[in-house]
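any chance you can model this:
(2 chains)
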Amino acid sequence: MLKLGKKDFTLFLVVAVLAIFAPFILNPFPTDSAMAQFNAGYPDLMQRFVIFGILAIGFNILFGLTGYLSFGHAAFLGVGSYSAVWMFKLLSMNVIPAIVLSMIVSGLFAVVIGYVSLRRSGIYFSILTLAFAQMSYNLAYSVLTPITNGETGLQITLDDPRILGITATADGGIPVTNLFGLEMRSFETWNVGPWAFQFSVGYYVAAIIMLVSFYVAIRIFRSPFGMMLRAIKSNQNRLYYTGLNARPYTLAAFVISGMYAGLAGGLLACMDPLAGAERMQWTASGEVVLMTILGGAGTLIGPVLGAGFIKYFENIFSKINDQVVHGWVSFLPDGLEDVVVAIIHPFVGKGWHLTLGLLFMLIVIFLPGGLVEGGKRISALVSSRRNHNAGDAEAQAARQQPPAE
Amino acid sequence: MGILEVKDVGKRFGGLQALSDVTLSVQENTVHAIIGPNGAGKSTLLNCLVGKLIPDTGSVMFDGQSVLGRKPFEINQMGISRVFQTPEIFGDLTVMENMMIPLFAKRDGIFRLHAMRSVGSEGDLITRAEEMLADVNMLDKRNMHSASMSRGDKRRLEMAMCLVQEPRLLLLDEPTAGMARADTNNTIDLLKEIKAKRPITMCIIEHDMHVVFSLADRITVLAQGTPLVEDVPEKIKGHPKVQEAYLGEHA
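The predicted structure follows:
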């Protein structure tokens, strides 16, 4: 199906179903319940899940397959956002040209950065990409202010030409991003009993693009090109003496991966049309590395899981403040309650980085293959237990059987 | 004219003259062995042939074209494949995937962006890879993770990877180094089988006399960076100069 193997097609189908039904799946708790703050099914966050999923899928094509650890992918994210916002300023508020331009510009950027950085491998490659990203970040803040609008960030205004669109709406407001008239920010709320499910146009546009990106990534993984990339990770010496030049392969992987990042950056701007330099900062580059390793580098689904995991933590876990914790442990005697809250305090709310960091350490140490390896181990455990039980039953049956003679 | 013509090759590393005035000619469809004691310059010579080193003087012509200054992958594309002293394979890939890479290299050249094509749809290449694996008795291991195989199997796989490219010259760098006698004999048998199945030109760099005398059609003896003699195996065995430079060392 769709030129995918059976297993890959099933995986794709699962991701598609999850993406389509995300507004339900991520909203398991009734709106008024105490658990409602763990709901992640609101448009803004769901958009982040899929957009950062795209970023991680692209990063994984480079890092997961070739083993080249880029520490500057945020540069492409930022470039993508700036390109998209410029398209909104100059051309129209339609998201299609914005997305196309963000991919082209980030691709060109990746050619230049990749051409230089890929002269080295290992840690030197990582440092070179990091240097380029920091350079872009600092330039965006200072010298390139005419293009990036410096500290304020690039925004759409009422003076923008928008030659194919409208400069201002009929009532004098700034027009909003749309897909042929379908506004990205518009959403439907569907009330079912105590639950409220939100279906946003922006989310579904981003989700469809994520599914296309995911599909392309699967095809790349199963292609001769993908195999070459794995061969590069495995033994470059053998590759050279087999008549293949690793450089153009790694550069192609780098550019594809950079274009994925540009696409993600462009989509971020489509959902919220502003772009700031902080999107290019090294912490943002580090975040995508974390996502990929946390989910499982080199696996298809891993990066998407990792992106969801980190974004959930960033947006949900960080909102658990002391008051909320007090609410949870209010059944305890007063003195004890304060002690418990004081213990939990550094791990939640603003301290969510600590919990994430600890989890990351645990996963890297005990599950080097990330969440995907965790999933595999659990399913192996379950199936072996099932076999074991089946074996027991057989043994019991055998015992009850009278001897043949 | 041989398929490989090495003429007056010299290579210096600082104060050490590793090779001087090396001239030899490898004829098509023969097995040519280069032997010599440790430090004779065998590996340096091989590295000059495959593009890893560039000689200071002299010329290396393969099929009428100079290989000097070309990159290893360009030299491979000219038709020279190489087997390493310790097997170099793609350890993270399966045996079958290891076989597909050289086939892609042969068909598509040094770079081709086949990103939207599936490996599974390359029927012709898969058939050829399977035939080659059958030839080296490894078809049953086709889905094995290649890093987990024994050293002997890795050696077999590496040879299959080189042979599937149908090279015009196969270079072997001490293919039996560090092997037990039984494994050495297996490797000799494998090479004999390969030779019997199709016409092939091989150049073997070897330390082990047993291997050399059971395979080679012609032998060049290298000592202190220069060829001492070049002749058929029978004549080499009794040659006084060889006795002195090579066998005498062991006595």
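
contacting residues for whichever residue of the stretch 301-405 of chain A sits closest to chain B?
As assessed by C-beta to the nearest C-beta, chain B sits closest to A:G369 within the stretch 301-405 of chain A, at 13.5 Å. Bear in mind the C-beta positions are built from the backbone N, C-alpha and C, glycine included. By C-beta atoms under 8 Å, 6 or more residues apart in numbering or on different chains, the residues touching A:G369 are A:296, A:299, A:376.

what's the neighbour count on the first one?
By other C-beta atoms under 10 Å in any protein chain shown, 27 other residues sit near A:G296.

wait, it sits on A:G370?
Yes: using C-beta atoms under 8 Å, A:G296 is in contact with A:G370, at 3.2 Å.

sticking with residue 12, tell me its helix or strand.
By default, I'm working from chain A. With elements taken from DSSP states H and E, the one containing A:F12 is helix A:6-20.

I was thinking of chain B, sorry if that wasn't clear
Using DSSP H and E, B:R12 sits within strand B:4-13.

each with direction, which strands does that strand pair with?
When pairs are called by DSSP bridges, strand B:4-13 turns out to pair with strand B:16-26 (antiparallel), strand B:57-62 (antiparallel).

for the ones you listed, give me a markdown table that also has mean pLDDT and mean neighbour count.
Listed next are these as a markdown table, based on pLDDT from 0 to 100; neighbours: other C-beta atoms under 10 Å in any protein chain shown:
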| stretch | mean pLDDT | mean neighbour count |
| --- | --- | --- |
| strand B:16-26 | 92 | 19 |
| strand B:57-62 | 94 | 18 |
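
give me the neighbour count for the closest residue to A:G165 other than its chain neighbours.
Using C-beta to C-beta, 6 or more residues apart in numbering or on different chains and skipping the chain neighbours, the partner closest in space to A:G165 is A:S92 (3.2 Å). By other C-beta under 10 Å, the residues close to A:S92 number 19.

same thing with B:M116?
Neighbour count of B:M116, defined by other C-beta under 10 Å: 12.

what of A:L91?
By other C-beta under 10 Å, 17 other residues sit near A:L91.

I'd like the average pLDDT over stretch A:122-142.
Throughout stretch A:122-142, pLDDT has a mean value of 95.

with stretch A:33-43 instead?
The model assigns stretch A:33-43 a mean pLDDT of 84.

distance between that stretch and the chain's centre?
Chain-centre distance of stretch A:33-43: 20 Å, with C-alpha atoms, centre = their mean, to the nearest Å.

again, but for stretch A:36-53
Counting by C-alpha atoms, centre = their mean, stretch A:36-53 comes out at 11 Å from the chain centroid.

flag every buried residue along that stretch.
Within stretch A:36-53, the residues scored as buried using 16 or more other C-beta atoms under 10 Å in any protein chain shown are A:38-43, A:45-53.

any idea which helix or strand in the chain has the lowest mean pLDDT?
Because you didn't say which chain, this covers chain A. Using mean pLDDT, DSSP states H and E, helix A:370-400 stands out as the lowest-scoring helix or strand of chain A, at a mean of 76.

ah, I was thinking of chain B
Least confident helix or strand, chain B: helix B:248-250 with a mean of 52, by mean pLDDT, DSSP H and E.

verify the stated contact: B:T94 with B:R142.
Yes: counting by C-beta under 8 Å, B:T94 does reach B:R142; the two are 7.2 Å apart.

contacts for stretch B:145-159 next, please.
The contact list for stretch B:145-159 (C-beta under 8 Å, 6+ apart) reads B:83-84, B:87-95, B:98-99, B:136-138, B:141, B:175, B:179, B:183, B:186-187, B:190-191, B:194.

show me those residues that map onto strands.
Among the contacts of stretch B:145-159, the ones falling in strands (DSSP state E) are B:V83.

of the contacts of stretch B:145-159, which ones also sit close to chain A?
Checking those against chain A by C-beta under 8 Å from any C-beta of the partner chain, the ones in range are B:84, B:88-93.

of these, which is the most crowded?
In those, the most neighbours by other C-beta under 10 Å go to B:F90, 27 neighbours.

so it touches A:I232, yeah?
No: at 9.3 Å, B:F90 and A:I232 do not qualify as touching, with contact defined as C-beta under 8 Å.

need the overlap of contacts for the two.
Counting by C-beta under 8 Å, 6+ apart, the residues touching both B:F90 and A:I232 are A:L239.

surely A:N27 meets A:N39?
Yes: counting by C-beta under 8 Å, A:N27 does reach A:N39; the two are 4.8 Å apart.

check which helices and strands the helix or strand harbouring A:K233 sits against.
In this assignment (DSSP H and E), A:K233 forms part of helix A:224-234. Using 3 or more C-beta pairs under 8 Å, 6 or more residues apart in numbering or on different chains; DSSP states H and E as the contact test, the elements touching helix A:224-234 are helix A:43-66, helix A:236-240, helix A:246-271, helix B:95-108.

export these to a markdown table and append columns for distance to B:V67.
Shown next, in a markdown table, are the helices and strands packed on helix A:224-234 (distance: least, C-beta to C-beta, whole Å):
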| stretch | distance to B:V67 |
| --- | --- |
| helix A:43-66 | 29 |
| helix A:236-240 | 14 |
| helix A:246-271 | 20 |
| helix B:95-108 | 17 |
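
any low-confidence regions in chain B?
B:245-251 (pLDDT under 70).

and it, which residues reach chain A?
So chain B meets chain A at B:50, B:71-73, B:76-77, B:81-82, B:84, B:88-93, B:97, B:100-102, B:104-106, B:108-120, B:122, B:161, B:165 (C-beta under 8 Å from any C-beta).

buried ones in stretch B:200-213, by neighbour count?
B:200-209, B:211-213.

distance between it and the chain's centre?
10 Å.

surely B:L139 and B:T127 touch.
No: using C-beta under 8 Å, B:L139 makes no contact with B:T127, being 11.9 Å away.

comparing those two, which residue is more hemmed in?
Higher neighbour count among B:L139 and B:T127: B:L139, with 15 against 10, using other C-beta under 10 Å.

which one is the more buried one nearest to, not counting chain neighbours?
Spatial nearest neighbour of B:L139, excluding adjacent residues (C-beta to C-beta, 6+ apart): B:L133 at 4.6 Å.

name the helix or strand for that neighbour, please.
Element membership of B:L133, judged by DSSP H and E, is helix B:123-135.

cool, and A:R219?
Here A:R219, judged by DSSP H and E, is contained in helix A:201-221.

orientation of that helix relative to helix A:43-66 in degrees?
Put simply, helix A:201-221 runs at 10 degrees to helix A:43-66, going by axes from the mean of the first three to the mean of the last three C-alpha atoms, to 10 degrees.

ok now helix A:201-221, how far from the chain's centre?
Relative to its parent chain, helix A:201-221 has a centroid offset of 11 Å by C-alpha atoms, centre = their mean.

that helix vs helix A:6-20, what angle?
170 degrees.

what about helix A:201-221, near chain B?
Yes: contact of helix A:201-221 with chain B (C-beta under 8 Å from any C-beta) involves A:216, A:219-220.
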